[in-house]
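A.B. asks: what follows is a protein structure lacking sequence information:
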Ligand SMILES: [Zn+2]
């Protein structure tokens, strides 16, 4: 399971500037990843969160991908890691508010979640 989790995370590090484009593999994979991580003990989730956070460097020039990465982290951490949950709620909020097309990033991400 560790290898599968790391594969899902690392693929996002190497596929270019928009790993969470609409209908992309990234959206599907992170939907699966969210379901997998939510079944693990919190110490393990914490360890994988640190890996996932490396993706922020990849998406730093894209508001939508940054927002969707935050939204996945919100869903992963909810009820498991309260500090991280709050951190990503706060990080997502201004991006959600200051955008032009009235997209709901949390809803776009929620669509890809399974088993949660
Ligand atoms: Zn993007």
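C.D. replies: Perfect, thanks for sending it. Because the structure is predicted, anything quoted here is derived from the model rather than measured.

A.B. asks: so which elements touch the helix or strand where residue 35 lies?
C.D. replies: Element membership for residue 35 (DSSP states H and E) is helix 25-37. Helix 25-37 is packed against helix 2-13, helix 42-52, helix 63-77, helix 105-110, with contacts defined by 3 or more C-beta pairs under 8 Å, 6 or more residues apart in numbering; DSSP states H and E. (Each C-beta comes from the backbone N, C-alpha and C, glycine too.)

A.B. asks: near the ion, which residues of this protein?
C.D. replies: Selection of the chain residues close to the ion by C-beta under 5 Å from the ion yields 18, 62, 64, 65.

A.B. asks: just among these, which is most surrounded?
C.D. replies: Highest neighbour count within the residues of the chain next to the ion, by other C-beta atoms under 10 Å: residue 65, with 23 neighbours.

A.B. asks: what angle separates the helix holding residue 35 from helix 2-13?
C.D. replies: 150 degrees (axes from the mean of the first three to the mean of the last three C-alpha atoms, to 10 degrees).
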